[in-house]
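# predicted structure and sequence below. I'll ask about it afterward.
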Amino acid sequence: MNPIRKLLIPMIAAGAALFVLLNLGFWQLDRLAWKERLIAQVEEGITKEPVAAPVPSQWKEISAADDYRRVRVRGRFLEGVAFYYVALTKPTGDYGGPGVFAYAPFRTEEGWTVLLNRGFLPQDLPEDRRGRALVPPEGEIEVTGLLRLSEKPNWTTPEPDLGKNLWFARDTEAMGAALGLDANELAPYSIDLDADFTPPGGLPEAGETIVRFKNDHLGYALTWFGLAATLIGVFLTYAASVLWPRKH
């Protein structure tokens, strides 16, 4: 058989595979640029002056670009609290390690509700101090903080402990349901209070938002490009063996 004809099908297959691998690599580079823009936007946004929190008429327009935006809202705390398990490895305040964020329902002056992350409570906190820390401020107040989009648990997320109102995903819809809140009036986000709203006793320790982005896109891009280079090397080696076979 003519060596060129023998290479035709492998060449077509290798070309198609190379096209896919290169496109995956360039797609990851596009994702890298998008992620870097998002990180820069967040780092800038958390230092800006707060804007009014999105109201019900704006909820359908909320997107990933709103995450970590500094917002303000006025209203009063309602009864109840939900806990979100967390481990603070780099606390900005005096407390860190394993513990929970305390989420309290807050009725705004417009009549809708939002969950406010009042801050961090250490895991080994004595019950009496924990109880005092969970008492919310009375009366109508204005608060500021970072808007955080709700998140849904995945298959690796532990089931919530409903007896303790303890959650392992920031699922504000489920937290609100457990607290008996009207889903139609509950914002599809929560607000992490600024550090200024830490009570005089020091707990809950506000201002402990974990700003973290997974950014593995460069590694993925290099992996796809590496596979493409490997494919080229394998094909060239095979082509050489077909075009210039060794004589025994």
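On my side now, so go ahead.
# hey, where'd the strands end up in this protein?
In the chain, the segments counted as strands under DSSP state E are 51-52, 70-77, 82-88, 97-108, 113-122, 141-149, 166-167, 186-193.
# partners of the first one, with directions?
Put plainly, it is strand 51-52. In the sheet containing strand 51-52, the strands it pairs with under DSSP bridges are strand 70-77 (parallel).
# just how off-centre is the strand it pairs with within its chain?
Using CA atoms, centre = their mean, to the nearest Å, we find the averaged C-alpha position of strand 70-77 to lie 22 Å away from the chain's own average C-alpha position.
# for that strand, buried residues please.
The neighbour-count criterion (16 or more other CB atoms under 10 Å) identifies 70-71, 73, 75, 77 as the buried residues of strand 70-77. For glycine as for every other residue, the C-beta is placed from the backbone atoms N, C-alpha and C.
# format the residues you listed as JSON lines; extra columns: pLDDT.
Formatted as JSON lines, the buried residues of strand 70-77 follow (pLDDT from 0 to 100):
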{"residue": "R70", "pLDDT": "92"}
{"residue": "V71", "pLDDT": "95"}
{"residue": "V73", "pLDDT": "97"}
{"residue": "G75", "pLDDT": "97"}
{"residue": "F77", "pLDDT": "97"}
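# re the thing from before, can I get the strands of the chain in CSV including distance to R130?
Rendered in CSV, the data for the strands of the chain read as follows (distance: least, CB to CB, whole Å):
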stretch, distance to R130
strand 51-52, 33
strand 70-77, 17
strand 82-88, 11
strand 97-108, 9
strand 113-122, 6
strand 141-149, 21
strand 166-167, 13
strand 186-193, 18
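# nearest to F225, out of these?
When the strands of the chain are ranked by proximity to F225, the top entry is strand 141-149, at 32.5 Å, counting by CB to CB.
# what's the angle between the closest one and strand 70-77?
Interaxial angle, strand 141-149 versus strand 70-77 (axes from the mean of the first three to the mean of the last three CA atoms, to 10 degrees): 120 degrees.
# which residues sit against strand 141-149?
Residues external to strand 141-149 that are found in contact with it (CB atoms under 8 Å, 6 or more residues apart in numbering): 46, 50, 53-54, 62, 64, 66-76, 106, 116-117, 170, 188-194, 196-197, 206, 209.
# pretty sure L166 sits against A174.
No: if you go by CB atoms under 8 Å, L166 and A174 don't touch, sitting 11.8 Å apart.
# who has more neighbours, those two?
A count of neighbours by other CB atoms under 10 Å puts A174 above the other of L166 and A174, at 17 against 14.
# about what we covered before: tell me the one of the buried residues of strand 70-77 nearest W224?
Among these, R70 lies closest to W224 (CB to CB), at 37.1 Å.
# next, the closest residue to that closest one other than its chain neighbours: phi, psi?
Leaving aside its chain neighbours, R70 sits nearest to P50 (4.3 Å; criterion: CB to CB, 6 or more residues apart in numbering). Recorded main-chain torsions at P50 are phi -70, psi 150, according to degrees, to the nearest 10.
# since we're on P50, how many residues are nearby?
Taking other CB under 10 Å as the criterion, the count of residues near P50 is 18.
# before we move on, what about D194?
By other CB under 10 Å, the residues close to D194 number 19.
# surely it and E205 touch.
No: contact criterion CB under 8 Å: D194 and E205 do not qualify, at 11.7 Å.
# find residues that contact each of those two.
Residues within reach of D194 and of E205 at once, by CB under 8 Å, 6+ apart: there are none.
# which helices and strands does the least confident helix or strand in the chain by mean pLDDT pack with?
Between all helices and strands in the chain, the lowest mean by mean pLDDT, DSSP states H and E belongs to helix 3-45, at a mean of 80. Under the contact criterion of 3 or more CB pairs under 8 Å, 6 or more residues apart in numbering; DSSP states H and E, the helices and strands touching helix 3-45 comprise helix 217-243.
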